[in-house]
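>>> Task: produce atomic coordinates for the following.
(chains A, B and C)
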Amino acid sequence: MLGALLVMAAIAIVLGAVLGFAAIKFRVEGNPLVDKIDAVLPQTQCGQCGYPGCKPYATAIAEGAADINKCPPGGEEGIHKLADLLGMEFKPFGGETVPKPKAVAIIDETTCIGCTLCIQACPVDAIVGAAKQMHTIIAAECTGCELCLAPCPVDCISMAPIAESVTNWKWKYPVYALTASK
Amino acid sequence: MRTLYQFHGGIHPPTNKTQSNATPIAGAALPSRLVIPLHQHVGNSARPVVEAGQHVLKGQVIGMAEGHLSSAVHASTSGTIAAIDEQLVAHPSGIPDLCITLIPDGQDEWIARESCEDWTTLSHSELRHKLRAAGVVGLGGAVFPSDMKLYSHKQKIKTLVLNGAECEPYITCDDLLMRERAADILQGAEMMRALLYAEEVLIGIEDNKPEAIAAMRAAVAAGGHQKMDVIAVPTIYPGGGAKQLIRVLTGIEVAAGVRSTNMGVQCFNVGTAYSAWRAIRFGEPLISRIVTITGNVAHPQNFEALIGTPMNELVAQSEQLAGTTNYIMGGPMMGVPMPSKEVGVIKATNCIIASSDAIFPKALTALPCIRCTRCADVCPSELQPQELYWFSKAKNLDKAEDYHLFDCIECGACSYVCPSNIPLVQYYRFAKSEIWARDAGKKAADAARERHEFRESRIEREKREKAEKLAAKEKAAQEAKAVQPAIAPVKPDADPENTLQLKIQTAIDHAKEQAAAIKPKNTEQLTPEQQAQIDDIEARRARIRELAKDATPT
Amino acid sequence: MTEYLLILLGAVFVNNIVMVKILGLCPFMGVSKKLEAAVGMGAATTFVLTLGSGSSYLISHYLLGPDLAYLTTLSFIVVIAGIVQFTEMAVEKTSPSLYQTLGIYLPLITTNCAVLGIPLLNVQAKHNFMESLLFGFGGSVGFTLVMVLFAGLRERMEGADVPGIFKGSAIAMVTAGLMSLSFMGFSGLIK
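I've put the predicted structure just below:
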């Protein structure tokens, strides 16, 4: 009986020492996974996930605090990518979060009063203007996050979906019926 | 005798060229209107420089080249600009694009042309500028601005390959051009050779065009061109692909993801050489090209058609037969169906096939892939089309890219031999455009991330600087206090909040005074309309002020 | 020497731990969706199993002996758990995305029947130290081999026209069964 106890105790001590050593040697600084998740996210910085930007959301996913289906701008494809990266199952969007077609904000320049509120709201500095001057949006830099809509006191900002043109047109997935020929 | 090489694979579809190559090139009748797209080339769209209603002369610039990679667009004949708007263009998407509609006045009056007797007197950069201004682009189908391809400073170009292979069935426009205008083509080739500092010029022509070969050889001899060879290459599809022709003529295999110029070869279509010559020698911009009209028509033949000619008006001159379903631009292998019969001829239009159910029967039902690998046997790029199909179909884009999807030239040889009738090329096109879209999205996301992070750091920095300034100020104030404790503050009894309130009030009053002092400018002679508009805006402002007042927390 | 070679080859092919002994099916089905994950899992298991079978031999031979044989299973589990914990830390440090991909299956190596099974089989077959090590190593190489093969098949199956009701685990099970059948072909290799 005593022998058994001694044996188990010896094993426990040796293992404890090894693991203790490993815990110091292999200490992980920060979470390198965050950057990988952040790379997959669409960087609209829209906050629709409930976090104040893409990086905080990535951190939350890495910590397991957030679901992977909270990013509507990323679309279902984004969820697939996150699921692949994290080895999780695909999870469809919940009831409220629905992906919208990609859009850019447009300022109605006749209505704009030059209050600069939208400039302060834009997460990617895509609005140009100064106090009491008309503002405008750099369409190429706009991520379509809609964060500028709410602060505008005169509701002069609207979202215009990006139309398909000859340059961004994509060949469609070929669809044909798989039926036996007569 | 020159040793010729072989490329992998290839097929022998019925050529169907005899229908249209028996009659000489005909001048097309002046159409009722011309629809000229501003984006006919690779790169940025041209910027319109005319207005609706303006009268233009033949050869006048109507679209200016915009940016580094772009090309100019010209009025194909004299007439009046009817509209600058979005119209259907010769693109498989069927999405309208910006076009200039020109109504010909029937005079066909040229603008003053700057001809040049001896191009050797011009510097190379002048020549390239002239080509760019003349809107010369690759006429083989890629429509890449030619001036961009005529640089030689980075790589040493040894060989200039002139592509007259014209491997695609039905098309005979290059054949006829070589038969009738061989001397001009060779002059253009000489000019290109000089621009590239190339040693030799090799002109590859498939051996099913003996007349063209004879005409070109005669022209070489007559013109006294040195180190210029007209070479008959075996007829095999796609022997006219740039990489394939280079392989056959020089034995050089252009590696995946490498430009042929890195291997000392540059390749141009014979039509491009012709247009480049006309542009420099006679100052004629690229406003017309040879177009083969064939298929379901009574008299298939080649026309010299003005850019912008509606396709149906052109086909009508060959007498379109009943049962024509739609038009195909290009050949049967790589051509694309047109969204409408009225779209205008563009610089890339080498052939218009009037399609009918008899010529192109409805595609047979596709069956599952049986992995027979016949497609791999015929692939001229030595790819594994069955694998590409598998991954493209499953939308496994990364794997498709790993299998070198982007080396696929979409020649359609694989689809041609597929016993299961699978539309393979459609899958590759789909996968390619998905990958392009994905990469563009990734780039945009990276840019957005960078901007966002910069903004965050800027806000952080501003905050810090403000805090530092405040701290410095406080410190200075304290030091001042320590030095002069005797001097009493201005209002020792006023509590700080009141001072602040007072300050704000003065600021507001000041602003109000100023606002009252400023009189709106340019308001003396207003039309009633403008006055109404101003009133409207004032009313809106008043409403907003009301709202703002309501919203202010008390 | 031949003896050792036979043990190694036998463990990899003939008595393949997954396909013939039907042990360790949990990670076999769970982590075989992606090739990289399968390779990573195989490497982790190889490390744990080789170390585990060596140390468990030492424990059972020198520490326990015939008197304390009843402690075999218990002590093996403890040792393996320790090694797995060590591996987990090492993987988390060296390859975070592999760590995330392996997910729950990494700590589950502890309770993986293959990992416990091989040391127990070693004791049963009265292998000496070298034989134990080789059997452990061979068994885990066999495990890795099957994982990689199966992951390759599953990656290709993603693009296949599988009838709706067979999609996912169902077709994976069928494939695993066929693979198991094919591994029976090795049974004549070593008598």
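
>>> which bits of chain C sit near chain A?
Residues of chain C lying close to chain A by Cβ under 8 Å from any Cβ of the partner chain are C:31, C:33-34, C:37, C:59, C:63-64, C:67-68, C:71, C:74-75, C:78-79, C:82, C:85-86, C:89-90, C:92-93, C:96-97, C:100-103, C:161. C-beta: built from backbone N, CA, C; applies to glycine.

>>> ok, of those residues, which come out buried?
Among those, those buried by neighbour count (16 or more other Cβ atoms under 10 Å in any protein chain shown) are C:31, C:33-34, C:37, C:59, C:63-64, C:68, C:71, C:75, C:78-79, C:82, C:85-86, C:89-90, C:92-93, C:96-97, C:100-102.

>>> Stretch B:228-246 - what's its average pLDDT?
Across stretch B:228-246, the average pLDDT comes to 92.

>>> Not counting its neighbours along the chain, what's nearest residue C:81?
Spatial nearest neighbour of residue C:81, excluding adjacent residues (Cβ to Cβ, 6 or more residues apart in numbering or on different chains): residue C:110 at 4.8 Å.

>>> Quick check: pLDDT value at that neighbour.
With respect to pLDDT, residue C:110 has a value of 72.

>>> and residue 42, what helix or strand is that in?
Using chain A. Under DSSP states H and E, no helix or strand contains residue A:42.

>>> meant chain C, my bad for not saying
Going by DSSP H and E, residue C:42 is in helix C:35-58.

>>> after that helix comes which helix or strand?
Counting by DSSP H and E, the element after helix C:35-58 in chain order, helix or strand, is helix C:72-94.

>>> helices or strands next to the helix or strand just after that next one in the packing?
Counting by DSSP H and E, the next helix or strand C-terminal to helix C:72-94 is helix C:96-102. With contacts taken as 3 or more Cβ pairs under 8 Å, 6 or more residues apart in numbering or on different chains; DSSP states H and E, helix C:96-102 sits against helix A:33-40, helix A:75-86, helix C:35-58, helix C:72-94.

>>> Let me know the angle separating the last one from helix C:35-58.
Spelled out, that is helix C:72-94. Angle between the axes of helix C:72-94 and helix C:35-58 is 140 degrees (criterion: axes from the mean of the first three to the mean of the last three Cα atoms, to 10 degrees).

>>> Give me the residues contacting helix C:72-94.
A:7-8, A:11-12, A:15, A:18-19, A:22-23, A:26-28, C:40, C:44, C:47-48, C:51-52, C:55-56, C:59-60, C:63-64, C:98-99, C:102, C:106-107, C:109-110, C:115-116, C:119-120, C:123 (Cβ atoms under 8 Å, 6 or more residues apart in numbering or on different chains).

>>> quick check, residue B:539 in a helix?
Yes - counting by DSSP: H, G, I helix; E, B strand; the rest coil, residue B:539 is located in a helix.

>>> Below-threshold pLDDT in chain C: ranges please.
C:103-104, C:111, C:190-191 (pLDDT under 70).

>>> max-length helix in it?
The longest helix of chain C (DSSP state H) is helix C:129-157.

>>> in the stretch 451-554 of chain B, which spans are helices?
B:496-517, B:528-551 (DSSP state H, counting those that start in this stretch).

>>> Mind telling me which of the ones you listed the model trusts least?
Looking at the helices of the stretch 451-554 of chain B, the weakest mean confidence is helix B:496-517, a mean of 67.

>>> tell me which parts of chain A are close to chain B?
Residues of chain A lying near chain B (Cβ under 8 Å from any Cβ): A:38, A:41-45, A:53-54, A:111, A:113, A:123-126, A:141, A:143, A:153-154, A:164-174, A:176-181.

>>> From these, keep the buried residues only.
A:38, A:41-45, A:53-54, A:113, A:123-124, A:126, A:141, A:143, A:154, A:166, A:171, A:174.

>>> mind listing what residue B:12 touches?
Going by Cβ under 8 Å, 6+ apart, residue B:12 touches B:235-237.

>>> in chain A, which spans are strands?
With DSSP state E, the ranges of strands along chain A come out as A:103-107, A:127-128, A:136-137, A:157-161.

>>> With mean pLDDT as extra columns, can I get the ones you listed in TSV?
Converted to TSV, those look like this (pLDDT from 0 to 100):
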stretch	mean pLDDT
strand A:103-107	88
strand A:127-128	90
strand A:136-137	90
strand A:157-161	89
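
>>> Let me have those in JSON lines, extended by mean neighbour count and distance to chain C.
Output for the strands of chain A, formatted as JSON lines (neighbours: other Cβ atoms under 10 Å in any protein chain shown; distance: least, Cβ to the nearest Cβ, whole Å):
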{"stretch": "strand A:103-107", "mean neighbour count": "18", "distance to chain C": "32"}
{"stretch": "strand A:127-128", "mean neighbour count": "18", "distance to chain C": "36"}
{"stretch": "strand A:136-137", "mean neighbour count": "17", "distance to chain C": "37"}
{"stretch": "strand A:157-161", "mean neighbour count": "15", "distance to chain C": "32"}
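
>>> Which one of those lies nearest to residue B:537?
Closest of those to residue B:537 is strand A:103-107, at 15.8 Å (criterion: Cβ to Cβ).

>>> May I have the strands that pair with the closest one, each with its orientation?
Take DSSP bridges as the rule and strand A:103-107 pairs in its sheet with strand A:157-161 (antiparallel).

>>> Alpha carbons only: can I get the partner strand in CSV?
Extracted as CSV, the C-alpha positions of strand A:157-161 are listed here (Å, rounded to 0.1, in the frame of the first residue of the first chain):
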residue,chain,number,x,y,z
ILE,A,157,-26.0,61.0,-45.9
SER,A,158,-27.5,58.0,-47.7
MET,A,159,-26.1,54.6,-48.7
ALA,A,160,-25.9,53.8,-52.4
PRO,A,161,-25.3,50.1,-53.2
